[in-house]
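J.: please work out how this folds:
(4 chains, ligands or ions: 6)
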Amino acid sequence: MPHGSPRFVHGKILHNTGSGIFYRMEVAIPERIDFVPGQFAMVSGWPGNDPLLPRPLAIFRSGGVRGKGAVEFVYKVVGRGTALLSGLHAGDPLALTLPLGHGFEFPGEDRSWWLVGGGVGFSSVFPAAAALDGQRADFEIFLGARTREQLPPGEWIPGGAVPGRVHLCTDDGTAGFFGTVAAALRDRIDRRKSSGPARVSILACGPHEMLKAIAELALPLDIRVQVSLESSMACGFGVCWGCVTAIRDGETSGYRRVCREGPVFDAREVVW
Amino acid sequence: MPHGSPRFVHGKILHNTGSGIFYRMEVAIPERIDFVPGQFAMVSGWPGNDPLLPRPLAIFRSGGVRGKGAVEFVYKVVGRGTALLSGLHAGDPLALTLPLGHGFEFPGEDRSWWLVGGGVGFSSVFPAAAALDGQRADFEIFLGARTREQLPPGEWIPGGAVPGRVHLCTDDGTAGFFGTVAAALRDRIDRRKSSGPARVSILACGPHEMLKAIAELALPLDIRVQVSLESSMACGFGVCWGCVTAIRDGETSGYRRVCREGPVFDAREVVW
Amino acid sequence: MTQSVTPDLSARVGSVLLKNPVMSASGTFGYGLEFMPFYDISRLGAVIVKGLSLLPTPGNAPGRIVETPAGMLNAIGLQNIGVERFVNEVAPRLDDAGAVYVANIYGRTIEEYEAVARRLSDLPALAAIELNASCPNVKEGGIAFGSNPEGLSGLTRRVRAATGKPLWVKLSPNVSDIGEIARAAEDAGADAVTLINTIVGMAVDPRTRRPMLSNVTGGLSGPAVKPVALRMVWEACKAVKIPVVGIGGIQNAGDALEFLLVGAAAVQVGTANFRNPNACVEIVDGIRDFFVREKIFRLDDYRGTLLLR
Amino acid sequence: MTQSVTPDLSARVGSVLLKNPVMSASGTFGYGLEFMPFYDISRLGAVIVKGLSLLPTPGNAPGRIVETPAGMLNAIGLQNIGVERFVNEVAPRLDDAGAVYVANIYGRTIEEYEAVARRLSDLPALAAIELNASCPNVKEGGIAFGSNPEGLSGLTRRVRAATGKPLWVKLSPNVSDIGEIARAAEDAGADAVTLINTIVGMAVDPRTRRPMLSNVTGGLSGPAVKPVALRMVWEACKAVKIPVVGIGGIQNAGDALEFLLVGAAAVQVGTANFRNPNACVEIVDGIRDFFVREKIFRLDDYRGTLLLR
Ligand SMILES: Cc1cc2nc3c(=O)[nH]c(=O)nc-3n(C[C@H](O)[C@H](O)[C@H](O)COP(=O)(O)OP(=O)(O)OC[C@H]3O[C@@H](n4cnc5c(N)ncnc54)[C@H](O)[C@@H]3O)c2cc1C
Ligand SMILES: Cc1cc2nc3c(=O)[nH]c(=O)nc-3n(C[C@H](O)[C@H](O)[C@H](O)COP(=O)(O)OP(=O)(O)OC[C@H]3O[C@@H](n4cnc5c(N)ncnc54)[C@H](O)[C@@H]3O)c2cc1C
Ligand SMILES: Cc1cc2nc3c(=O)[nH]c(=O)nc-3n(C[C@H](O)[C@H](O)[C@H](O)COP(=O)(O)O)c2cc1C
Ligand SMILES: Cc1cc2nc3c(=O)[nH]c(=O)nc-3n(C[C@H](O)[C@H](O)[C@H](O)COP(=O)(O)O)c2cc1C
Ligand code: FES
Ligand code: FES
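T.: Numbers count the residues shown, from 1 in each chain, chains lettered A, B, ... in the order given. Ligands and ions are numbered 1, 2, ... in the order given. You can find the predicted model right below:
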């Protein structure tokens, strides 16, 4: 899918409220934007120069009415920048550069989709689910968390009401599958073998270790895996070369920008 | 009056709302504090290190119930720090070092008090008025502003309901006396001459030029003048020597700390 | 009579005439084209592109940036596409965009510096070459040349002889006496000095006990360094007669004006581009607004007019 | 077995034993007594008092401080009460408070440095003398000595001979090679080096066209300088065998741990005291909590354990 050309806009927070460990924030912006699931925004605009750099957040939803736009984000407080965000209120200003990066690809062929979100990784996976749900495509969602409280609220899951579609996994067994999403995926792969030859494609976002485990599990089985990587970013639009990761390119490998050539990469190309 | 020993406390904003060009902010603190009018607090506690330094604000009011304290401030947005303050909401944390500095002195003798506030200078003058009002002392208040809108709301003036007590002055004549407070004071001095020999003491806070004009007007007439000075401050409690002003000391003069030996000085000692 | 005359913002860096004094700083603006979605880059005084080397350079391993209070450390290691691809693929597009552009260069050896400069001299539209004698993040990035007057002088002389383009020498702030270094560049034939490059810094993680950057140390940039940069630019302006281009922590028009006030001929804006892609053009507009407000008609009436008691 | 052992935070700076590695930095802590309303200053590793000169010094004209992004510039000009009043009026009260204290000194000439050091040697309880060879804000504040190895070496040798007290030499960061300067101090007989002092910076007002400081330039301190300070402390630790005391932008326990991790024997906390008068003791507590959490029993098990690949 083509991605829209990025722009820098001044927005105003519509709401910004915590739900369990996740905050959900909607920001009014001057115009409606289109985005590809997996694309993100660089968010800044708080007073002062500390923190200095904008923070990358996946675009969770985009909407708007009568020419005005709105974008929504879901985030978890992990450090200074996200703590600062969580203290902002409706009406506060925020600056955004968006949409950025190379999102998930949805080749036209008929296939099943397994969407995997670990931790707050669901924030880029749910938009993909929403898109697939809109196309009435065949998809299942795997959500991993350390414990029950760290799973997203069920009503956030696009198409989540369909029975058998959502697989919850917790490291401590307090909800759903007792174990990692990678282990749950292995189970699912085993079951798939018995049920037939439908082609499967995995889209995943979450901790690096999780993505690596999924790649090691699925690639040998010829399942296509797209992963959304994280990285420390300064600019988010490809001009600082700060965010690179090693990517295989034929025989050699080189550093590619997570913000521009990524954040979504073909798992075969990532140097794990 | 003796000043209480300063302490560093973490507070929580109770309310922080703009009224015309002034914001009034009340902060809950762990314990009740006493203060001398003219004393101030160093206010900080916003996220990040930029702005880095706390900002001095006169203590406008202090109260509290059942062991808990509360302090109130009035401020005007003039730069980054005050802009940041104005964006804080009820519930936000704030750190305070208080009470600080040498406040106004109220010698016991029988006399009249003229309290002069220019611009936001009323924030340290009104607490003095409240104290005098409590003692049923004889006082009048002179308030100067560029224009009508920049005067504080009438209901903030302690004892302001007493007829003839409050003299409003605007540079553009949109309210009260058409001219500076210094000019209004000169008028008042002339009227005093005719009406008798009551001893007068002036307490003033406001722009440097205003304080200087008052000193030049009143000192030759043997009216005692105390002025509250402003200065850029880093610490506010006397350890950085950043805030000094030249003060006469007998024959010589030396640099005294506005935050410690001041902010209130005898106008005769200030090197204008 | 409230009619306002548009102030003349044109700036001159030696023989290079700029429509305004605001340039992008190397390494923070990609190859310039990345900014086309945000604004027309021909509106800038000049675009300084990412440091170019003779061959494409992979750069340092990840762990290249870390945020610090009001600043950031970077140790990119000069990842770039090499001068050949720049000349063939990028330069024509910068020409098409109508941009005034300057190439920032570095080499592992003096000979590499010369070769890059020579190859760039083929570009008719290239406005100047900025010699990066001060990258702290690659062993070969010129730091050996840039931190002492003799090294800098030798390098500058050689590159000066290799190209007919205006030669700007970018100075390292990691020195005891910036005036001395600036004079060394001037004496060796530089047309201008540009400063500051980043200040060497470091950050470590107390818990993992590891450096935050794969390169251990990195270069500090951003608002945090502005006071140091301004002081060095002021000192350099007093030390040399050639133009001085001010760089370091400029976020807004007020910051840029501070550098012009102490005598800089023009400024470059780096880290500010990351938080606000429009930073450079907003600074151009902000300077213009300030001049209108203060009734200053020409940049030259303002530049270097700092009042000392 | 969840019982936790209180970690041993004691630190050693040469012959000086400190109960913990956290000291106040000179010029940001008055004479120490000003902090008594906030906490018991004997809880600190040591109190370093404001720089003392032979005679009382009036300091610079107002316009002494200006805030910068995540930092501040100061040009106090070493206003102080002079060594005589310190010895007679302040030292006895620091003794009463049970504080470990170190005197920071400066002179306009080597002879003045010697005289101050000699007078302070009379104080039995004084733990050490910190030689300020690096104040950027008075022409005579040692900067002439501090920015080149020869000057520093000569000064250190002379003061070394003038006092039997442990001698700490405070280094200027405004140099090309901090390792070289640190070695000069070591070779001249310093018992420890302390760094960094402030970095020379500047700020001007674009509208009034005047410097913000009466002294034009000032010293930059605060979080903004931390990455530079940490790098220099790391380099100094590699360059010398005597203890290195880390200073610069330390705001919290995490920052202090960074300096200890790269090898500092102890740290000093300066600008942080302004925003939070309790900063020093909160840092002591924070280091202790970190050690408990990470199961580190002694400071020496942590110090200098930076992992490089
Ligand atoms: C393309 C992209 C999309 C993202 N989308 C989301 C999202 O939708 N919701 C969400 O909650 N988070 C998202 N993140 C992660 C988010 O950007 C970081 O959590 C945030 O930048 C941390 O900022 P902070 O100031 O709170 O933490 P910091 O104080 O900067 O860091 C806190 C801790 O987190 C680590 N850390 C910080 N940034 C990163 C990073 N980028 N990658 C790995 N570790 C990091 C630090 O090393 C440190 O240990 C995304 C990241 C990327 C690259
Ligand atoms: C003892 C004392 C009590 C005060 N009480 C009050 C009060 O009750 N209410 C109130 O509104 N203000 C009060 N002030 C003034 C207030 O501290 C400043 O307005 C505030 O610090 C400005 O911070 P800022 O970040 O908004 O402005 P900055 O961005 O720091 O500066 C904006 C402009 O104001 C000027 N400025 C900043 N600080 C000062 C200063 N201290 N003196 C003179 N000019 C300055 C700057 O030079 C600049 O031009 C008091 C000051 C002192 C010293
Ligand atoms: C990510 C990054 C990469 C940089 N790369 C270069 C470079 O390739 N060549 C160069 O001369 N300077 C480079 N610099 C230095 C900047 O051009 C500039 O001198 C410095 O960042 C200070 O300006 P600032 O504070 O406005 O960013 C780089 C800076 C950053 C932050
Ligand atoms: C207001 C102020 C005054 C200072 N005075 C002195 C001094 O008298 N002697 C000295 O050696 N250092 C002095 N310093 C430097 C500090 O001791 C310290 O080295 C520097 O501020 C860096 O540490 P920080 O970032 O924690 O403040 C002063 C610093 C400040 C901010
Ligand atoms: S974050 Fe700057 S290039 Fe990716
Ligand atoms: S503000 Fe620090 S001494 Fe007054």
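
J.: can stretch A:217-232 be found next to ligand 3?
T.: No - applying Cβ under 6 Å from any ligand atom, one finds stretch A:217-232 separated from ligand 3 by no less than 11.8 Å. The C-beta positions use only the backbone N, C-alpha and C, and glycine is treated the same way.

J.: show me what counts as buried in that stretch.
T.: Buried residues in stretch A:217-232, counting neighbours by 16 or more other Cβ atoms under 10 Å in any protein chain shown, are found at A:217-219, A:223-232.

J.: the residues you listed: which two are farthest apart?
T.: For the buried residues of stretch A:217-232, the farthest-apart pair by Cβ to Cβ is A:223 and A:232; their separation is 29.7 Å.

J.: how about low-confidence regions in the stretch 51-200 of chain A?
T.: Where the stretch 51-200 of chain A drops to pLDDT under 70, the residues are A:109-110, A:193-198.

J.: strands of that one, start to end?
T.: Assigned by DSSP state E, counting those that start in this stretch, the strands in the stretch 51-200 of chain A fall at A:55-58, A:61-63, A:69-76, A:93-100, A:112-118, A:138-145, A:166-170, A:177-178, A:200-205.

J.: any idea which of the ones you listed gets closest to chain C?
T.: Evaluated with Cβ to the nearest Cβ, the strands of the stretch 51-200 of chain A place strand A:93-100 nearest to chain C, the distance being 5.9 Å.

J.: what's next to that closest one, contact-wise?
T.: Strand A:93-100 is contacted by residues A:3-4, A:6-13, A:27, A:29, A:33-36, A:39-46, A:54, A:56, A:59, A:71, A:88, A:236-237, A:259-260, C:275-277 when judged by Cβ atoms under 8 Å, 6 or more residues apart in numbering or on different chains.

J.: interface residues of the stretch 1-150 of chain C facing ligand 3?
T.: Residues of the stretch 1-150 of chain C lying near ligand 3 (Cβ under 6 Å from any ligand atom): C:25, C:26, C:27, C:28, C:50, C:51, C:74, C:76, C:78, C:104, C:132, C:135.

J.: what's the ChimeraX syntax to select whichever of these are buried?
T.: Entered in ChimeraX, the line below selects the buried ones among these, by 16+ other Cβ under 10 Å:
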select /C:25,26,27,28,50,51,74,76,78,104,132,135
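
J.: tell me the least confident of the residues of the stretch 1-150 of chain C next to ligand 3?
T.: Across those, the smallest pLDDT goes to residue C:135, namely 59.

J.: so which residue of chain A comes closest to ligand 6?
T.: residue A:48 (21.0 Å; Cβ to the nearest ligand atom).

J.: pLDDT wise, what is the nearest residue in space to that residue that is not next to it in sequence at?
T.: Nearest residue to residue A:48, sequence neighbours excluded (Cβ to Cβ, 6 or more residues apart in numbering or on different chains): residue B:50, at 3.8 Å. pLDDT, residue B:50: 96.

J.: okay, now residue B:50: neighbour count?
T.: Residue B:50: 27 surrounding residues under other Cβ atoms under 10 Å in any protein chain shown.

J.: any idea how many residues pack against the residue of the stretch 151-300 of chain C found nearest ligand 5?
T.: Closest to ligand 5 within the stretch 151-300 of chain C is residue C:274: 6.9 Å, counting by Cβ to the nearest ligand atom. Each residue near residue C:274 was counted by other Cβ under 10 Å, and the total is 27.

J.: go on, residue C:45?
T.: Residue C:45: 28 neighbours (other Cβ under 10 Å).

J.: thinking again about what came up before, what residues does the residue of chain A closest to ligand 6 make contact with?
T.: For residue A:48, counting by Cβ under 8 Å, 6+ apart, the contacting residues are B:46, B:48, B:49, B:50, B:51, B:80, B:84, C:70, D:69.

J.: so can I have JSON lines of those showing distance to residue C:226?
T.: Putting these into JSON lines (distance: Cβ to Cβ, whole Å) gives the following:
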{"residue": "B:46", "distance to residue C:226": "21"}
{"residue": "B:48", "distance to residue C:226": "17"}
{"residue": "B:49", "distance to residue C:226": "14"}
{"residue": "B:50", "distance to residue C:226": "12"}
{"residue": "B:51", "distance to residue C:226": "14"}
{"residue": "B:80", "distance to residue C:226": "14"}
{"residue": "B:84", "distance to residue C:226": "19"}
{"residue": "C:70", "distance to residue C:226": "9"}
{"residue": "D:69", "distance to residue C:226": "7"}
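
J.: which of those residues sits closest to residue B:64?
T.: Distances from residue B:64 to these, taken by Cβ to Cβ, are shortest for residue B:46, at 23.6 Å.

J.: which non-adjacent residue is nearest that closest one?
T.: Spatial nearest neighbour of residue B:46, excluding adjacent residues (Cβ to Cβ, 6+ apart): residue B:84 at 5.5 Å.

J.: list the contacts of the one you found.
T.: If you count contacts by Cβ under 8 Å, 6+ apart, residue B:84 has them with A:47, A:48, B:46, B:51.

J.: next, the contact list for residue 229, please.
T.: Defaulting to chain A. Applying Cβ under 8 Å, 6+ apart, we find residue A:229 in contact with A:208, A:211, A:245, A:258, A:262, A:263, A:264, A:265, A:270.

J.: can you look at chain C instead?
T.: If a contact means Cβ under 8 Å, 6+ apart, then residue C:229 has C:173, C:195, C:196, C:246, C:247, C:248, C:249, C:259 as its contacts.

J.: which of the residues you listed fall in helices?
T.: Judged by DSSP state H, the subset of the contacts of residue C:229 located in helices is residue C:259.

J.: ranking the contacts of residue C:229 by neighbours, who comes first?
T.: The residue in the contacts of residue C:229 with the most neighbours, by other Cβ under 10 Å, is residue C:248 (32 neighbours).

J.: was I right about that residue contacting residue C:221?
T.: Yes - the pair residue C:248 / residue C:221 is scored as a contact, 7.3 Å apart, by Cβ atoms under 8 Å.

J.: quick one: common contacting residues for the two?
T.: residue C:270.

J.: what about residue 112, how many residues close to it?
T.: Went with chain A since none was named. 16.

J.: right idea, wrong chain: chain C
T.: Residue C:112 has 17 nearby residues by other Cβ under 10 Å.

J.: quick check: it vs ligand 3, distance?
T.: Using Cβ to the nearest ligand atom, to the nearest Å, residue C:112 is found at 15 Å from ligand 3.

J.: my guess is that residue contacts residue C:54. True?
T.: Yes - contact criterion Cβ under 8 Å: residue C:112 and residue C:54 qualify, at 4.8 Å.

J.: chain neighbours aside, what residue packs nearest to residue 215?
T.: No chain in the question, so chain A it is. Leaving aside its chain neighbours, residue A:215 sits nearest to residue A:267 (4.1 Å; criterion: Cβ to Cβ, 6+ apart).

J.: that's the wrong chain, I meant chain C
T.: residue C:75 is the one closest to residue C:215 (Cβ to Cβ, 6+ apart), at 3.7 Å.

J.: what about the one you found, distance to residue B:154?
T.: According to Cβ to Cβ, to the nearest Å, residue C:75 and residue B:154 sit 61 Å apart.

J.: more neighbours: which of the two?
T.: Applying other Cβ under 10 Å to residue C:75 and residue B:154 shows that residue C:75 carries more neighbours, namely 30 against 11.
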